[in-house]
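In: The sequence isn't on hand, but the structure is:
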């Protein structure tokens, strides 16, 4: 009997601009309601049991570690005041997972950042979560991706249905399949007009076989001198013997690019409205504001 693929336990979060705010503050540290965006990403990783998170940071990104460090002085002050509610909030991010950081000295694309995690990941399957992409916490995308990987093996990029025109300007590929899982046969990074082969795009979530490291190490830089995971996945799709097939889990939920100003505002309002402590008092306000603007 063939042993099942090993469980996915590790996550890699490459750092990613949102000017002018991110000239001094990384995009991933911008607050969404009352938590930095990066905390939502780590919480997403923890939900399906990925409790070992490696952040690949670069110049000016050292603050990404701060939300997950213990602040003994602040905890002592809150304990002395008997403020258990705020103490629990402060400790929540610290207790989420084991969070480590490694510096990427030479930023040459997402593939290069992923390759920098090789020694930490070792021979285990792992997830990659782009820090600038925020998946709605109500949509368990990563849980679905890890479950499929653990059942079938191989590599799992997310495959989001894309209504934009031209389609798949971010990333494209020929796909085959149905019922929420599609076989990717020829992924293309940032295709030119006319190169898009399907109505789906890859967003910032991957579950990868460790064989991807060897492929990335041999992958030559592509457009803009960068190495992308898509380039490695294209090689692996043509030869399923390298780490298994490349299949996408189709996602129809809500994904927000926190580097886009409009998306950043939308996700902040969406999550604020849903919060039990903030929502009841906040929800009437945007409705009143929109109605007033339409009447003006």
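Out: That came in fine, so what should we check first? Treat the numbers as computed from the prediction; the structure is a model and nothing was measured.

In: quick one: the strands in the stretch 151-296 of the chain?
Out: Listed in chain order, the strands found in the stretch 151-296 of the chain under DSSP state E, counting those that start in this stretch are 156-161, 171-178, 181-189, 200-201, 205-208, 247-251, 255-257.

In: can you tell me which of those strands the model trusts least?
Out: Out of the strands of the stretch 151-296 of the chain, strand 171-178 stands lowest, with a mean of 45 (criterion: mean pLDDT).

In: And for residue 85, the neighbour number?
Out: The number of residues packed around residue 85, counting by other C-beta atoms under 10 Å, is 8. C-beta coordinates here come from the backbone N, C-alpha and C atoms, glycine included.

In: my read is it is in a helix, agree?
Out: Yes. The assignment for residue 85, made by DSSP: H, G, I helix; E, B strand; the rest coil, places it in a helix.

In: how much space is there between it and residue 91?
Out: Taking C-beta to C-beta, to the nearest Å as the measure, residue 85 falls 11 Å from residue 91.

In: before we move on, what about residue 268?
Out: In this structure, residue 268 lies at 24 Å from residue 91, with C-beta to C-beta as the measure.

In: so where is the chain shaky, pLDDT-wise?
Out: Counting by pLDDT under 70, the low-confidence segments of the chain come to 1-5, 15-26, 58-65, 105-107, 154-179, 186-200, 295-296.

In: how is it carved up into domains?
Out: According to the domain assignment given by automatic domain parsing, the chain is divided into the following structural domains: 10-259, 262-296.

In: Pick the most buried one from those.
Out: Among those, domain 10-259 has the highest mean neighbour count (mean count of other C-beta atoms under 10 Å), at a mean of 18.

In: Endpoint to endpoint, it covers what distance?
Out: 25 Å (C-alpha to C-alpha, to the nearest Å).

In: Quick one: distance of that domain to the chain centre.
Out: Between the centre of domain 10-259 and the centre of its chain there are 3 Å (C-alpha atoms, centre = their mean, to the nearest Å).

In: Could you list everything the most centrally placed residue in the chain pairs with in the sheet?
Out: To find the centre residue of the chain, average its C-alpha atoms and take the closest one (C-alpha atoms, centre = their mean): that gives residue 129, at 2.7 Å. Judged by DSSP bridges, the bridge partners of residue 129 are residue 205.

In: Distance of it relative to residue 41?
Out: When distances are taken as C-beta to C-beta, residue 129 and residue 41 turn out to be 5 Å apart.

In: Quick check: neighbours shared by the two?
Out: Shared contacts of residue 129 and residue 41, defined by C-beta atoms under 8 Å, 6 or more residues apart in numbering, comprise residue 13.

In: which stretches of the stretch 51-200 of the chain form helices?
Out: Ranges of helices in the stretch 51-200 of the chain, per DSSP state H, counting those that start in this stretch, are 72-81, 84-94, 110-115, 118-121, 141-152.

In: Residues in contact with the first one: which ones?
Out: Among residues not part of helix 72-81, those counted as contacts by C-beta under 8 Å, 6+ apart are 84, 86-87, 90-91.

In: will you turn the residues you listed into CSV that also has distance to residue 263?
Out: Putting these into CSV (distance: C-beta to C-beta, whole Å) gives the following:
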residue, distance to residue 263
84, 35
86, 29
87, 33
90, 28
91, 30
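
In: Out of the residues you listed, the closest to residue 294 would be?
Out: Ranked by distance to residue 294 (C-beta to C-beta), the contacts of helix 72-81 are led by residue 86 at 39.0 Å.

In: Residue 43 versus the closest one, what's the distance?
Out: Distance check for residue 86 against residue 43: by C-beta to C-beta, it reads 19 Å.

In: What's the biggest helix in the chain, counting residues?
Out: Longest helix in the chain by number of residues (criterion: DSSP state H): helix 261-274.

In: still on that earlier bit, please report how far the residue nearest to the centre of the chain lies from residue 287.
Out: Residue 129 sits at a distance of 33 Å from residue 287 (criterion: C-beta to C-beta).

In: next one: residue 220
Out: Between residue 220 and residue 287 the computed distance is 53 Å (C-beta to C-beta).
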